[in-house]
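S.K.: Quick one: sequence and predicted model below, then my questions.
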Amino acid sequence: MNKLLKKPAVKSKPRPAVSRGELRRMPKALPKAIVRRLNALASRVLHVSWAEGLLWFVAALCGLVILQGALDWVFDLPRLVRFLFVTGDLTIIGYIVFRFGVQPWLQRLTPDETALYAERHWPELRSSLISAVQLARKPNGSEAIVKALLDEMAGRIAKLDLRLAVQWKRLAKLIGLALVLAVAAVGLIVALAPKSLILLQRMALSTVPLPTETIVTAVSRDFSIPVGQTIELSAKATGVIPRSGRVEVTYEGKKPEMITVSAKAASPDVFSLQLPNVQQPLTYRFHLNDGRGEEWKVGLLHPPAVKEIKFEATYPAYTGMPPAQLSAGSLSLLAGSKLKVTGKATQSLKGARAILTGNERTLEMKPGGAGRTDFATQVDVPKEGLEGLWIELKNDGDIVSQNNTIYSIEVLPDKPPEIEFTEGQLEKVSLVAEQKPRIRFQVRDDFKISQVVLCVQQTNTLGEGEEPNPGKATRIPIPMAQHAAGLTFDFEWKEPAKNVDWREGNTFTWWIEAVDNNNVTGPGIVHTSPREWSVVSLQTKREELAEQLRKHAESIKDLSGAQENLRNQTGDLLKQDNQK
């Protein structure tokens, strides 16, 4: 911080052996009038430093723009030199921000330092203000006397504007300098536009050429082609548009040659040249009027390719399946598996990546092996979204592989378990309170079943239109002898009254829930459709059974009558045949 903001040294008043953070806290016993004046002065000191930093920032920025623009105009600075200038610019700007912005904030005045700052401007205060601050922090003697002294100091300080201790006069010259440089920079940019705008782009490391009467902007730039291909080189002219121009073409190992080019009929500002059957790398540069474009390169492509590739599937542990080698044309994988991809390229590789289709992910691969021709990666197979992959290779010349093969991937989901009730299990069953519900069913899964649960919810407690809620159901685990792919259950719920209100008049909705052992993309959970138990009286159950017997008897009687009618019809037919 400059001399204006320099903190006064104090030898007669030693500071307490406490941290700066504690010193920065305003003593609670200090009167508000003193606190307000001290805070205002500390803020003014900080704001003046920030203002000085802003002025230095404007002056430095405008000065650097003027200086570097002029140097670039005269010497056509290479991009490397412009990069070094940008690095220096950022260093200067960073120093200004730290010196006048960050550092003053980190070292902002403590109440003691602020008091000393004020006493330096008003000598008549002597050491009364700093004494008041320190006395408020560590009062000595009678509280009444301390309070009286602090109140007296508050009365004196209330009449002073401590912010006047900070002088702004030193900023006047800096304001003038910043204003002059800002006006000069803006004036030059406006007066020399659009050339000045191009110089600004070059300061930002753009590759645009210097602002001559004719500006040459590359259209084709650097590119690479397969051997023997016909290429078109083109550039665009802005400013003064000539009728024709020249292209300086230099084949590798040969002398440059100048070839005359004309503008395109459809685009008079675009000049192009076609070169057939290119067999060698070359460089080219357009010369249009007084403008000269940058030098660009045309390289020959020898793209790398996949020489061999292998796929190995590692299935989730819950399946119990061993790793398996897969054919590139048959990549069927269970969701949650891992697909290991390894291969070799025809060239040394600078980089490689596996690009997944469907979920649009990219997996970077680091080339390995003695010749850096090996590549490897591992793909986590999700539940959905993955459709295939292809391998993109890049050789040491940054040439990327072409016409890459896409390997299709079929993701097989782990199906949830299936539950099937044994024949004869009714959807609605009435029971007396003493009866124990019995359920017979089978559960099957692709791999193994880990849990089977009976879910029960009292139906007659639900509101109108309210559906059974699995989250509120009572869950009774059904014992399993082992985890297996297929299990048969004959489950008797021995003590329903311990779990639900199992008494006459209540009805219960129940279902079976089965969970498989998929701990990667699952688990797979399935529920049967809801069924019903009704707890009825013994008399109601007897009547129900009697009704069932009656219906059964009627069905037997109807069947007997149908058989009798069939016999009569058969006899009549036989008689008719005999008469004939």
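M.R.: Structure received.

S.K.: need the contact list for the nearest residue to Gly299 once chain neighbours are set aside.
M.R.: Distance criterion Cβ to Cβ, 6 or more residues apart in numbering; nearest residue to Gly299, sequence neighbours excluded, is Ser224 at 3.9 Å. Yep, even glycine has a C-beta here, placed from its N, CA and C like the rest. Neighbouring residues of Ser224 by Cβ atoms under 8 Å, 6 or more residues apart in numbering: Val298, Gly299, Leu300, Leu301, Ile399.

S.K.: Which of those fall within strands?
M.R.: Judged by DSSP state E, these include Val298, Gly299, Leu300 as members of strands.

S.K.: Quick check: beta-bridge partners of the last one?
M.R.: According to DSSP bridges, the partner residues bridging Leu300 are Ile225.

S.K.: Go through this protein and flag its longest helix.
M.R.: Scanning the chain for the longest helix, with DSSP state H as the assignment, gives helix 32-75.

S.K.: Report the next helix or strand after that one in sequence order.
M.R.: helix 79-97 (DSSP states H and E).

S.K.: got the contact list for that following helix?
M.R.: Residues outside helix 79-97 that contact it (Cβ under 8 Å, 6+ apart): 53, 56-57, 60-61, 64, 68, 72, 77, 202-205, 207.

S.K.: As a check, name the ranges of all strands in the stretch 351-500 of the chain.
M.R.: Here the stretch 351-500 of the chain has its strands, by DSSP state E, counting those that start in this stretch, at 361-365, 374-380, 388-395, 406-412, 418-421, 428-432, 438-444, 449-458, 474-477, 486-492.

S.K.: can you put these in TSV and add mean neighbour count, mean pLDDT and distance to Leu288?
M.R.: Conversion of the strands of the stretch 351-500 of the chain to TSV gives the following (neighbours: other Cβ atoms under 10 Å; pLDDT from 0 to 100; distance: least, Cβ to Cβ, whole Å):
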stretch	mean neighbour count	mean pLDDT	distance to Leu288
strand 361-365	14	93	41
strand 374-380	18	94	46
strand 388-395	20	93	35
strand 406-412	16	93	44
strand 418-421	16	94	77
strand 428-432	15	91	92
strand 438-444	17	94	79
strand 449-458	19	94	77
strand 474-477	13	94	83
strand 486-492	14	93	82
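
S.K.: could those go into CSV alongside distance to Asn565?
M.R.: Listed next are the strands of the stretch 351-500 of the chain as CSV, based on distance: least, Cβ to Cβ, whole Å:
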stretch, distance to Asn565
strand 361-365, 74
strand 374-380, 71
strand 388-395, 68
strand 406-412, 58
strand 418-421, 37
strand 428-432, 35
strand 438-444, 39
strand 449-458, 48
strand 474-477, 52
strand 486-492, 43
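
S.K.: Which one, of those, ends up nearest to Leu275?
M.R.: strand 388-395 (24.5 Å; Cβ to Cβ).

S.K.: Against which helices or strands is the closest one packed?
M.R.: strand 306-314, strand 338-345, strand 349-357, strand 374-380, strand 406-412 (3 or more Cβ pairs under 8 Å, 6 or more residues apart in numbering; DSSP states H and E).

S.K.: Just the element for Thr280, please.
M.R.: For the record, residue 280 is Gln, not Thr. Short version, using DSSP H and E: Gln280 is in no helix or strand.

S.K.: from memory it sits against Glu252, does it?
M.R.: Yes - Gln280 sits in contact with Glu252 when judged by Cβ atoms under 8 Å, with a separation of 5.0 Å.

S.K.: Dump the contacts of Ser224 into CSV; add neighbour count as well.
M.R.: Shown next, in CSV, are those (neighbours: other Cβ atoms under 10 Å):
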residue, neighbour count
Val298, 22
Gly299, 15
Leu300, 18
Leu301, 15
Ile399, 18
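
S.K.: Now pLDDT and distance to Ser408 too, for the residues you listed, in TSV please.
M.R.: Listed next are these as TSV, based on pLDDT from 0 to 100; distance: Cβ to Cβ, whole Å:
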residue	pLDDT	distance to Ser408
Val298	94	37
Gly299	88	34
Leu300	85	33
Leu301	79	28
Ile399	81	27
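
S.K.: out of the residues you listed, who's nearest Pro27?
M.R.: Closest approach to Pro27 among these (Cβ to Cβ): Ile399, at 71.9 Å.

S.K.: so where's the chain shaky on pLDDT?
M.R.: Scanning the chain for pLDDT under 70 picks out 1-24, 140-142, 557-561, 566-580.

S.K.: so what's the residue nearest the centre of it bridging to?
M.R.: With distances taken as Cα atoms, centre = their mean, Arg361 lies nearest the centre of the chain, 12.7 Å away. For Arg361, the beta-bridge partners are Leu356 (DSSP bridges).

S.K.: Now for the closest residue to Ile309 other than its chain neighbours: which residues touch it?
M.R.: Nearest residue to Ile309, sequence neighbours excluded (Cβ to Cβ, 6+ apart): Gly343, at 3.7 Å. Gly343 makes contact with Val306, Lys307, Glu308, Ile309, Lys310, Asp374, Phe375, Ala376, Ile391, according to Cβ under 8 Å, 6+ apart.
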